[in-house]
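Colleague: coordinates only, sequence not included:
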């Protein structure tokens, strides 16, 4: 269907990630990031050093999505991983999210994690919720009114979980 | 019953917090902190600057417990608070945890938070779970096997919630 592939993110990719990252934050529908986040600050948060790991989905030279992953907690919680995802709006409908999601699950298996936990999936982000469920994740619980969606007002945040 | 009181934590309090903080981490039953955490690193994590807020429970000049609190997420999630608690083992059974818990709830109300969320209450820490339930918190869900307890092995982490 396309020549999409997933590879490790490089610092030089950031200039292509930041435009859609910033747009997604500005939309205010899916992620709780600090207000007024600069490109430099966002790069530090997204492209974390080891044991964090970031990848990009590319179509040739074009970066169309990115995911970051790593331990959800340090120390005695580090056997459970977590991840975050951003897909360029221009690339929606091409399966970029699914490709990144499958990569994230495979990476956690390879690294020996016992499970993956998403801490804050916005309940009105139904495409994401459906995608994670199709990959085997379940909703552990929903914190009511924990996210201030720009278009829906206060909505719940799902904690989602996949045992590996 | 005692002359316990709660006041804002000062940098000079750290030398009294660190011994029980370090002991509680070393016990491996209640918190996922990085392995090999130094006193300086822990002080930065615990005594966060504004909008974070830390308090101590004191009996005269003696620090017998501490709590930190603040927004659970930045930006569009900052209307929900969170907190962490440490009580000196020598002061257990004197109501220090309850006093700190009541203070944390009152502080969040005063600051205009809409709710408080605890992200990771170890399910075998039954004294803490019972205390939070007695203050009105409910268990939203439990992430299975997410904490490696030194004495119990892999146990669940409760997400707990209080609407204000």
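Modeller: Ah, there it is. Computed from a predicted structure; not experimentally measured. Numbers count the residues shown, from 1 in each chain, chains lettered A, B, ... in the order given.

Colleague: From here on, just use CA atoms for contacts and neighbour counts.
Modeller: OK.

Colleague: residues in chain A within reach of chain B, list them.
Modeller: Residues of chain A lying close to chain B by C-alpha under 8 Å from any C-alpha of the partner chain are A:28, A:31-35, A:73-77, A:79-80, A:140-143, A:146-149, A:161.

Colleague: Now do the strands in chain A.
Modeller: Along chain A, counting by DSSP state E, strands occupy A:4-8, A:53-59, A:62-71, A:80-87, A:115-122, A:138-149, A:153-163.

Colleague: Now those strands in JSON lines, please, with extra columns for mean pLDDT.
Modeller: Formatted as JSON lines, the strands of chain A follow (pLDDT from 0 to 100):
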{"stretch": "strand A:4-8", "mean pLDDT": "96"}
{"stretch": "strand A:53-59", "mean pLDDT": "96"}
{"stretch": "strand A:62-71", "mean pLDDT": "97"}
{"stretch": "strand A:80-87", "mean pLDDT": "98"}
{"stretch": "strand A:115-122", "mean pLDDT": "98"}
{"stretch": "strand A:138-149", "mean pLDDT": "98"}
{"stretch": "strand A:153-163", "mean pLDDT": "98"}
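
Colleague: Format those strands as JSON lines; extra columns: mean neighbour count.
Modeller: Below are these laid out as JSON lines (neighbours: other C-alpha atoms under 10 Å in any protein chain shown):
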{"stretch": "strand A:4-8", "mean neighbour count": "15"}
{"stretch": "strand A:53-59", "mean neighbour count": "21"}
{"stretch": "strand A:62-71", "mean neighbour count": "23"}
{"stretch": "strand A:80-87", "mean neighbour count": "23"}
{"stretch": "strand A:115-122", "mean neighbour count": "22"}
{"stretch": "strand A:138-149", "mean neighbour count": "22"}
{"stretch": "strand A:153-163", "mean neighbour count": "20"}
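
Colleague: For those strands, give me JSON lines that also has distance to residue B:63.
Modeller: Shown next, in JSON lines, are these (distance: least, C-alpha to C-alpha, whole Å):
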{"stretch": "strand A:4-8", "distance to residue B:63": "48"}
{"stretch": "strand A:53-59", "distance to residue B:63": "40"}
{"stretch": "strand A:62-71", "distance to residue B:63": "33"}
{"stretch": "strand A:80-87", "distance to residue B:63": "34"}
{"stretch": "strand A:115-122", "distance to residue B:63": "33"}
{"stretch": "strand A:138-149", "distance to residue B:63": "34"}
{"stretch": "strand A:153-163", "distance to residue B:63": "36"}
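
Colleague: can you pull the pLDDT of residue A:1?
Modeller: Note for residue A:1: predicted pLDDT of 49.

Colleague: repeat for residue A:48
Modeller: Reading off the model, residue A:48 has pLDDT 84.

Colleague: Skipping its backbone neighbours, what lies nearest residue A:83 in space?
Modeller: Of all residues not flanking residue A:83 in the chain, residue A:69 sits nearest, at 4.1 Å (C-alpha to C-alpha, 6 or more residues apart in numbering or on different chains).

Colleague: isn't the one you found right up against residue A:53?
Modeller: Yes: taking C-alpha atoms under 8 Å as the definition, residue A:69 is a contact partner of residue A:53 at 5.3 Å.

Colleague: hey, what's the nearest residue to residue A:116 once chain neighbours are set aside bridged with?
Modeller: Counting by C-alpha to C-alpha, 6+ apart, residue A:81 is the residue found nearest to residue A:116 once chain neighbours are left out, at 4.6 Å. On the basis of DSSP bridges, residue A:81 is bridged to residue A:71, residue A:116.

Colleague: Pull out the buried residues from the longest helix seen in chain A.
Modeller: Secondary structure of chain A per DSSP state H: the longest helix is helix A:96-111. Residues A:96-98, A:100-101, A:103-105, A:107-109 are the ones in helix A:96-111 that count as buried (16 or more other C-alpha atoms under 10 Å in any protein chain shown).

Colleague: Out of these, which two sit at the greatest distance?
Modeller: Spanning the widest gap among the buried residues of helix A:96-111 are A:96 and A:109, at 20.2 Å by C-alpha to C-alpha.
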